[in-house]
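Peer 1: Sharing a model that was predicted from the sequence below.
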Amino acid sequence: MKTDHILVIRFSAIGDVAMTVPVVYSLAKQYPDLRITVLSQNFARPFFEHMPHNVGFMEADLKKEYHGVKGLNALYRRLMAKNFTAIADLHSVLRSKYLRMRFNIDRFNVAHIDKHRSGRRMITSEKDKKLVQLPTSFQNYADVFEKLGYPIKTEFKSIFQDGGGELSSLPDTFHNKQKDEIWIGVAPFAAHKGKIYPKEKMEEVLNILSEKYPEGRIFLFGGGKKETAVMDEWISRNGKLENASALLNGFSNELILMSHLDVMISMDSSNMHLASLVGTPVVSIWGATHPFAGFLGWGQDMSNVVMLDMPCRPCSIYGNKECIRGNYPCMADIQPQMITDRIAMQIQKNKKRTI
């Protein structure tokens with residue numbers, strides 16, 4: 001008897017792929033006899049290394065090996081050899097649509113994500129804006145599997161077992177966390193300006209936290225030359241700060257460290273989702289975008305969302321539109337104390353849980 005085998009397609013940005021993890025994990029746990037193969041880019045492999053035994057990972061380099069129509073046809077032939085019985089397109093862009101078309105022609109059971117574009121237009125409209133909660137990405141992903149005949153209840157805590165990842169596998173400086181020591185992560189960057197808190201104000205946040213938790217440690221996360229230059233400036237003026245990304249060299253190690261943080265500060269960006277995958281509470285800062293679009297991290301609390309009520313926001317789903325007012329007041333007008341107060345509240349919550 002042929003074993004059911006689902007192909008899950010999700011390329012694109014780190015955060016979007018990370019958001020598939022709670023849903024794929026739940027699918028695997030609730031259907032242990034189902035084989036699941038996730039097709040994505042190489043960077044996503046660490047997200048699926050701690051999955052149940054029935055989940056596999058397959059990488060595809062769409063820029064080189066499988067570039068263009070010729071490359072996609074080669075990828076399709078490779079996929080056909082895997083004997084899939086169902087196809088879940090969790091991306092629904094040109095490349096995945098092409099693969100989907102090929103599978104449809106060959107009469108596979110295929111389903112794809114509903115991105116609720118009309119709802120997105122409604123909450124980002126300049127006129128007659130209707131700010132309502134749209135289905136989350138997690139729900140949208142789960143709906144695809146239900147269409148294929150696998151309804152699930154999404155239940156997920158962390159990719160690691162209780163206690164987090166193995167600190168001993170990281171460089172020596174990260175090995176020992178004292179019982180009452182506060183570890184705070186800060187991911188101050190995002191892909192678009194509408195999602196980035198001004199660097200001068202973020203430095204104020206870091207200075208306040210350094211003074212408030214003198215025995216704690218503050219780890220900065222971020223890559224790229226521009227981002228590293230900013231972090232180096234902050235570190236030169238504040239010896240309490242540490243560039244974790246420079247020391248850890250990759251997502252796998254960053255996930256381990258994040259699993260031991262007391263709290264993370266993040267924009268509406270991939271690091272919010274990485275911290276969510278290891279069960280770490282995130283104080284997230286939102287400007288041009290809004291959690292109602294469905295992209296709040298898995299298991300995160302709306303009480304930890306820092307944002308301003310403004311008639312013009314959200315103006316964008318992804319934060320990539322120019323500000324109609326020119327100066328992004330949705331970010332610039334958030335005061336550092338608003339952020340540090342949420343951090344203090346979360347740390348107090350953590351202490352109450354351990355009593």
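Peer 2: Received it, and whenever you're ready, just let me know what you need.
Peer 1: part of a helix, is residue 101?
Peer 2: Yes: counting by DSSP: H, G, I helix; E, B strand; the rest coil, residue 101 is part of a helix.
Peer 1: Which stretches in the chain count as strands?
Peer 2: 5-9, 35-40, 55-59, 86-89, 109-112, 183-187, 217-220, 241-243, 263-267, 282-285, 305-306 (DSSP state E).
Peer 1: Residue 18 is nearest to which of those strands?
Peer 2: In terms of CB to CB, the element of the strands of the chain nearest to residue 18 is strand 35-40, at 10.4 Å. No exception for glycine: its C-beta is placed from N, CA and C like everyone else's.
Peer 1: quick one on the thing from earlier: pipe the strands of the chain into CSV and attach mean neighbour count and distance to residue 78 per row.
Peer 2: Shown next, in CSV, are the strands of the chain (neighbours: other CB atoms under 10 Å; distance: least, CB to CB, whole Å):
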stretch, mean neighbour count, distance to residue 78
strand 5-9, 24, 11
strand 35-40, 23, 10
strand 55-59, 17, 9
strand 86-89, 24, 14
strand 109-112, 18, 17
strand 183-187, 24, 35
strand 217-220, 23, 40
strand 241-243, 18, 39
strand 263-267, 27, 36
strand 282-285, 28, 37
strand 305-306, 18, 42
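Peer 1: Can you redo these as CSV, where the extra columns are distance to residue 345 and mean pLDDT?
Peer 2: Formatted as CSV, the strands of the chain follow (distance: least, CB to CB, whole Å; pLDDT from 0 to 100):
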stretch, distance to residue 345, mean pLDDT
strand 5-9, 37, 98
strand 35-40, 36, 98
strand 55-59, 36, 97
strand 86-89, 38, 98
strand 109-112, 40, 97
strand 183-187, 13, 98
strand 217-220, 17, 98
strand 241-243, 22, 97
strand 263-267, 10, 98
strand 282-285, 9, 98
strand 305-306, 11, 98
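Peer 1: can I get those strands in CSV with distance to residue 137?
Peer 2: Output for the strands of the chain, formatted as CSV (distance: least, CB to CB, whole Å):
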stretch, distance to residue 137
strand 5-9, 14
strand 35-40, 15
strand 55-59, 19
strand 86-89, 14
strand 109-112, 14
strand 183-187, 19
strand 217-220, 27
strand 241-243, 30
strand 263-267, 16
strand 282-285, 15
strand 305-306, 16
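Peer 1: can you tell me which of the ones you listed comes nearest to residue 172?
Peer 2: Taking the strands of the chain one by one with CB to CB, strand 241-243 is closest: 13.2 Å.
Peer 1: Quick check: which ranges of the protein have low pLDDT?
Peer 2: Applying pLDDT under 70 to the chain picks out residues 1, 354-355.
Peer 1: so residue 270 touches residue 15, yeah?
Peer 2: Yes: Residue 270 sits in contact with residue 15 when judged by CB atoms under 8 Å, with a separation of 3.8 Å.
Peer 1: quick one, which of those two is more surrounded?
Peer 2: residue 270 (23 against 20; other CB atoms under 10 Å).
Peer 1: list the contacts for the more buried one?
Peer 2: Applying CB atoms under 8 Å, 6 or more residues apart in numbering to residue 270 gives the contacts 13, 14, 15, 18.
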